[in-house]
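*Asks:* Using only what follows, build the 3D model:
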Amino acid sequence: MAVGNRIESKKWILMTGAAGFIGRHLRFALNDKYRFWCLDRVPVTDMYLGDVAESVDIGSVTSLTEAWDRRPEITENLHAVIHLAAYYDFSNQPNPQYARVNLGLERLLQLISKDAPGDCLFIHAGSMATLAPVIPGGRQNENSPRAGLWEYPRSKIQAERLLDQSSLRQPVVQLILAAVYSDWCELVPLFEWIELCADYGPEKYFYPGPPTRGLTYCHVEDVVSAFKMALDKFGAGGELIAQVAQELAEKRRRKSVEVSMEGGVREKFLIGQPTPITYREIHARSCTAFGGKATQLIQVSPQLATIGAYVGQWLARTRGRKSFIRPWMIPFAGEHFSFDLTHSRERLGWVPKHSIQRDLDGILVQATQNRDQWLKINAARPR
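*Replies:* Next up is the predicted model:
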């Protein structure tokens, strides 16, 4: 098949936030089957043959609408929309960007409803941060309570509500992602923790929460496989979409559950490793990798840790640096996340192939033996 014909045969996917970490990996993995209409505030530089990129601020309704109206040849033939665009920072200060991104999401849903094919799949990248933490032994599932305890998860919860309440007739799949990392880390909190263990300062030996608790993670390759499975199973012609539509119609007929009489298929999946890695284990293995001893973390009171965080910020400023650890983070130091993947496994057919427990040694090799590249790659991640 000629190159031109091969490109023409590819299905269109609109991707917001296409220049980001997950977006880059997704486009690389899926470009043999799909071509992408890439929207992002920053330039998308790693383009593939047949793709289209536009600099669009998703938070600007006018800019988004104008971009949409310029491309009827794409919008009327969309196979899927992957919504990765989000705003976050680690200041935990109110920022109008959070609301603007969700305003853009609301407008995007309106445009899809108006112009996109009825079987155009909408996939939203959610966040583990929206879930209420559990005590050790407990597990979260897709319907676990939400807890918007700081600015970023509040905005993601609002995005979930927009999708849950939307009357969009097209199918919607929400993938609730754990903390996403790569072979080079590229996850700011994990990177900062490892770098703290590389330092000689005494603060690395103290922790303001139970060190036996921890978070669940997900390698970006497993994230890519989850998106691919969602496209294959819930996209047009997918093996599950007809079945799910029939189930929804039956629920409406029987009125056995409260469902929108207008909206289409709605599915949620947790995407992450089921078993968390403890703060203590990350600390011990990181300290050892940098030539230290696997010393025990000493739990300190939140009050003392908060004072230490303020002092650390002051010392960093005097050295012309910026301390990652901020006082507002201290109350969250004891959070624990552990996933029940039953629904993702049985419905989507997805299970992670990676494990942070296994991958951490490889990440630490990059941190210790390829310092320049390690620091360059991780410095590129937004803070």
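
*Asks:* Report how many residues lie close to A29.
*Replies:* For A29, the neighbour count with other C-beta atoms under 10 Å is 17. The C-beta positions use only the backbone N, C-alpha and C, and glycine is treated the same way.

*Asks:* For it, give me its contacts.
*Replies:* Counting by C-beta atoms under 8 Å, 6 or more residues apart in numbering, A29 touches 224, 228.

*Asks:* Look up how far K228 lies from it.
*Replies:* Spatial separation of A29 from K228 under the definition C-beta to C-beta, to the nearest Å is 7 Å.

*Asks:* now G362: how far from S355?
*Replies:* Taking C-beta to C-beta as the measure, G362 and S355 are separated by 11 Å.

*Asks:* Kindly report the same for L231.
*Replies:* From L231 across to S355, the span is 25 Å (C-beta to C-beta).

*Asks:* Show me which of these two is the more surrounded one.
*Replies:* L231 (23 against 15).

*Asks:* helix or strand for that one, which one?
*Replies:* When elements are assigned from DSSP states H and E, L231 belongs to helix 220-234.

*Asks:* Return the set of buried residues in that helix.
*Replies:* Burial within helix 220-234, assessed by neighbour count using 16 or more other C-beta atoms under 10 Å, is assigned to 220, 222-231, 233-234.

*Asks:* Export those as a markdown table, with columns for pLDDT.
*Replies:* Rendered in a markdown table, the data for the buried residues of helix 220-234 read as follows (pLDDT from 0 to 100):
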| residue | pLDDT |
| --- | --- |
| V220 | 98 |
| D222 | 98 |
| V223 | 98 |
| V224 | 98 |
| S225 | 98 |
| A226 | 98 |
| F227 | 98 |
| K228 | 97 |
| M229 | 96 |
| A230 | 97 |
| L231 | 96 |
| K233 | 94 |
| F234 | 94 |
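
*Asks:* residue boundaries of the strands in the stretch 1-150 of the chain?
*Replies:* Counting by DSSP state E, counting those that start in this stretch, the segments of the stretch 1-150 of the chain that form strands are 11-16, 34-40, 52-55, 78-83, 121-127.

*Asks:* now the ones you listed as a markdown table including distance to I194?
*Replies:* Shown next, in a markdown table, are these (distance: least, C-beta to C-beta, whole Å):
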| stretch | distance to I194 |
| --- | --- |
| strand 11-16 | 30 |
| strand 34-40 | 28 |
| strand 52-55 | 33 |
| strand 78-83 | 30 |
| strand 121-127 | 22 |
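
*Asks:* Tell me which of those strands lies nearest to G104.
*Replies:* Checking the strands of the stretch 1-150 of the chain against G104 by C-beta to C-beta gives strand 11-16 as the closest, at 8.0 Å.

*Asks:* Could you check the angle that closest one makes with strand 34-40?
*Replies:* An angle of 20 degrees separates the directions of strand 11-16 and strand 34-40 when computed by axes from the mean of the first three to the mean of the last three C-alpha atoms, to 10 degrees.

*Asks:* ok, and what's touching the lengthiest helix in the chain?
*Replies:* Looking across the chain with DSSP state H, the single longest helix is helix 96-115. Under the criterion C-beta under 8 Å, 6+ apart, residues 16, 57-61, 64-65, 68, 72, 75-76, 78, 81, 83, 85-87, 120, 122, 151-152, 154-155, 158-159, 162-163, 166-170 lie in contact with helix 96-115.

*Asks:* try 7 Å this time
*Replies:* Here helix 96-115 makes contact (C-beta atoms under 7 Å, 6 or more residues apart in numbering) with 58-59, 61, 64-65, 68, 75-76, 81, 83, 85-87, 120, 122, 151, 155, 158-159, 162, 166, 168-170.

*Asks:* For the stretch 101-250 of the chain, give me the ranges with low pLDDT.
*Replies:* 200, 245, 248 (pLDDT under 70).

*Asks:* Can you show me the helices along it?
*Replies:* Defined through DSSP state H, counting those that start in this stretch, the helices belonging to the stretch 101-250 of the chain, from first to last, are 151-165, 188-198, 220-234, 241-254.

*Asks:* And these: which comes nearest S144?
*Replies:* Comparing the helices of the stretch 101-250 of the chain against S144 with C-beta to C-beta, the closest turns out to be helix 151-165 (12.1 Å).

*Asks:* what's I135 in contact with, if anything?
*Replies:* Contact criterion C-beta under 7 Å, 6+ apart gives H336 as the residues in contact with I135.

*Asks:* That one and P210, how far apart?
*Replies:* 10 Å.

*Asks:* Repeat that for R107.
*Replies:* Noted for R107: a distance of 43 Å to P210, by C-beta to C-beta.

*Asks:* Same check on D372?
*Replies:* D372 sits at a distance of 36 Å from P210 (criterion: C-beta to C-beta).

*Asks:* E247 too?
*Replies:* 42 Å.

*Asks:* what bridges to C218?
*Replies:* The residues listed as beta-bridge partners of C218 by DSSP bridges are V180.

*Asks:* quick one: it and L270 touch, right?
*Replies:* No - in this structure C218 lies outside contact range of L270 using C-beta atoms under 7 Å: 9.6 Å.

*Asks:* Of these two, which one has the most company?
*Replies:* Regarding C218 and L270, a neighbour count based on other C-beta under 10 Å identifies L270 as having more, with 30 against 24.

*Asks:* Beyond whichever strand or helix holds the more buried one, next helix or strand please.
*Replies:* Here L270, judged by DSSP H and E, is contained in strand 266-271. Next in sequence after strand 266-271, counting helices and strands by DSSP H and E, comes strand 277-278.
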